[in-house]
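Participant: Model the structure of this input:
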Amino acid sequence: MTYKFAALALACGFATTLSAQNINSITQEQTTRIVSTLSSDDMQGRASFTPGIDKAAKFIQNEFQRVGLQPLPGKNSLMQTFEVYRVAPVAYKAKLDGQDVAPENIFATTEKTKISWKQKNKKALVRISEADDFRAALRNLKPDEDALVLVHPKHTEIFKRYQHYLGEGSVKQKLGENTSRVFILTDQQTEPSKYKIEVKNTIEKLPLTNVAGMIEGKRKDEFVVFSGHYDHIGIQEAVEGDSIANGADDDAAGTTAMMMLAEYYKKQPQPERTLLFVAFAAEEIGGFGSKYFSEQLNPDQIVAMFNIEMVGKPSKFGPNSAYLTGFEKSDLGKLMQKRLEGTAYSIHPDPYPEQNLFYRSDNATLARLGVPAHTISSVQIDQDKTYHTVNDELEQLNMEHLTNMIRAVALASEGVVNGEDTPTRVDKSQVR
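Facilitator: Numbering: from 1, shown residues only. Below you'll find the model as predicted:
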């Protein structure tokens, strides 16, 4: 053991363990190899349901096999494949008081192949007036009733944005759980004496795949999850000839960190708790990968989740630092801080609460089930110019910082992994 790492271990208040001795086995060379592969043009931006995402899944599977990870309990494959439904509109027709409504002034949210409404169906009628807040009005719609929503032309811009988004189709984990709503852009503010609405959709069943591996611990039924999402947004409108949104920071960086931690912990003695390493699918289109994963395990057996996202650039707190979303919702962050005392690394509370980052990554699904599930990130989200653009390229990453972030998580997670630290549970009533 070098003096440097012995001092680190002592400063952190724990014995000179193998993990402290071998933290330098997490190398910048290996980090660069993995993140550059995941963010290469060959992956075509890793959009869900594309050949690019399939290539990425196969690469991650091969790396897990190389490291020696085992499938999750009860599984015989590292590939955790499941199906979702893509609902896409085919045709809209509407009449209000016998007058045709132009199709460009209609959109619908429904999971049905076809709906046909007439006034005798007695659907709820809702008006979003000129003075209303459009998004607030949407939130106030009753979740358990179908509704015809008349929208004042003042809201044309936001109406068109929703229409465009839904026109590309929406993905559902299950069908038949939600109500149907039809939105019509109109200056008619009186209740129509009669109406006729027809909507037709196509419904397609499509596969998604998480890649998940395990290092079995001495406590087989106590799980610690390390995760990152490996999907991104694929092909976009070209900027200076480049149309591939490579997603180097979002989230090839976090997925790389998770994969490197799998190899790191595989080289250590058998952990006290069972470690699960998961590359989630479909975070960008609704978090379907983490939702499916959460249904395969008893959440009460998951001690903690270290979700890693966008750690390829230094944070506002400086190099070798990151922040933890939802810091106040459990004491996992404080336990991590204690483990990092006296080292070159630091973890801080989320400095961007207005961004709702705690709910914008895969940790939120397990947090809602009471798991101390948080996301580790370092992106300066209020200033980052490459987020969800074709400029999120490998060249934008600080490889030294990314490598040090992986080392920091390795040190900060050790107490949870070896059974010495057990974070408090998230209060389910305090998450939405």
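
Participant: Distance check, N320 against Y292.
Facilitator: Using CB to CB, to the nearest Å, we find N320 at a distance of 34 Å from Y292. Placement of C-beta: from N, CA and C, glycine included.

Participant: I233 against N246, yeah?
Facilitator: No - I233 is not in contact with N246 according to CB atoms under 8 Å; the separation is 9.9 Å.

Participant: which residues do these two both contact?
Facilitator: Shared between the contact lists of I233 and N246 (criterion: CB atoms under 8 Å, 6 or more residues apart in numbering) are residues G45.

Participant: Which helix runs longest in this structure?
Facilitator: Scanning the chain for the longest helix, with DSSP state H as the assignment, gives helix 399-417.

Participant: for that one, which positions count as buried?
Facilitator: Of all the residues in helix 399-417, those buried under the rule 16 or more other CB atoms under 10 Å are 399, 401-417.

Participant: Give the residue spans of the chain that score low on pLDDT.
Facilitator: For the chain, applying pLDDT under 70 flags the ranges 1-21.

Participant: Please report the number of neighbouring residues for P314.
Facilitator: 20 (other CB atoms under 10 Å).

Participant: whoops, N24 was the one
Facilitator: 11.

Participant: quick revisit: who has more neighbours, I233 and N246?
Facilitator: N246 (28 against 20).

Participant: That one contacts Q396, correct?
Facilitator: No - counting by CB under 8 Å, Q396 is not a contact partner of N246; they are 9.4 Å apart.

Participant: per-domain residue ranges of the chain.
Facilitator: 3-70+216-430, 85-205 (automatic domain parsing).

Participant: Select, out of those, the one closest to L78.
Facilitator: With CB to CB as the criterion, L78 lies closest to domain 3-70+216-430 of those, at 5.1 Å.

Participant: for the stretch 51-200 of the chain, what spans make up the strands?
Facilitator: 79-96, 99-100, 106-109, 114-118, 124-128, 147-151, 170-172, 181-185, 195-215 (DSSP state E, counting those that start in this stretch).

Participant: I'd like the secondary structure assignment at the closest residue in space to G326 that isn't next to it in sequence, please.
Facilitator: Sequence neighbours aside, F358 is the residue nearest to G326 in space, at 3.8 Å (criterion: CB to CB, 6 or more residues apart in numbering). Secondary structure of F358, reduced to three states by DSSP: H, G, I helix; E, B strand; the rest coil: helix.

Participant: for F358, what are its contacts?
Facilitator: Contacts were defined as CB under 8 Å, 6+ apart; by that measure F358 touches 325-326, 329, 350, 364, 367, 374-375.

Participant: Likewise for K194?
Facilitator: For K194, counting by CB under 8 Å, 6+ apart, the contacting residues are 95, 97-98, 118-119.

Participant: Got phi/psi on it?
Facilitator: The phi and psi values for K194, taken as degrees, to the nearest 10, are phi -160, psi 150.
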